[in-house]
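In: prediction below, plus the sequence it came from.
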Amino acid sequence: MAGNQNQTPIDYDKIAELQSFKQLSKRKNKFLWTLTAIFLIIYLLLPILTSFTEILHQKAIGEITWVWIYSAGLFVMTWALAHLYVSKANSYDKEAKAIIEEYERGVNK
């Protein structure tokens, strides 16, 4: 506990004003909105393609139609996007830590 007494509290409002934080926030938001759009478009295509077209009703392998393959692909896509998100989030965490260190160097000057 004695070590914590000498530390300056972090002013997160000042960190939010840093250019490096603004750039990180912008990149992160762009990534999240892109990932969300991809997910929603691919997911919403299933009911659209099955309701208004015959594309997915064609047989693909034996008696299995394309709708089953597409649906199974949605599970694969969900896992892949989750893995991509976790990987990217880890890199954003490292950048956020570097931004806090940048802030602390500036405070201690």
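Out: Thanks, I have the structure now.
In: same question for the helix or strand hosting residue 87, mean pLDDT?
Out: Assignment of secondary structure by DSSP states H and E places residue 87 within helix 66-107. Per-residue pLDDT values over helix 66-107 give a mean of 94.
In: and that helix, what does it pack onto?
Out: Counting contacts by 3 or more C-beta pairs under 8 Å, 6 or more residues apart in numbering; DSSP states H and E, helix 66-107 packs against helix 12-17, helix 19-52, strand 59-61. (Each C-beta comes from the backbone N, C-alpha and C, glycine too.)
In: mind listing what's buried in the second one?
Out: Read that as helix 19-52. Buried residues in helix 19-52, counted by 16 or more other C-beta atoms under 10 Å: 21, 24, 28, 39, 49-50.
In: equivalent analysis for stretch 86-106, please.
Out: By neighbour count on 16+ other C-beta under 10 Å, the buried set for stretch 86-106 is 96, 99, 103.
In: out of the buried residues of helix 19-52, who's nearest residue 88?
Out: The shortest approach to residue 88 among the buried residues of helix 19-52 belongs to residue 28, at 8.3 Å (C-beta to C-beta).
In: surely that closest one touches residue 92?
Out: Yes: distance between residue 28 and residue 92: 5.5 Å, which falls inside the contact criterion (C-beta atoms under 8 Å).
In: from the buried residues of helix 19-52, which is closest to residue 11?
Out: Proximity to residue 11 was ranked across the buried residues of helix 19-52 by C-beta to C-beta; first place goes to residue 21, at 12.1 Å.
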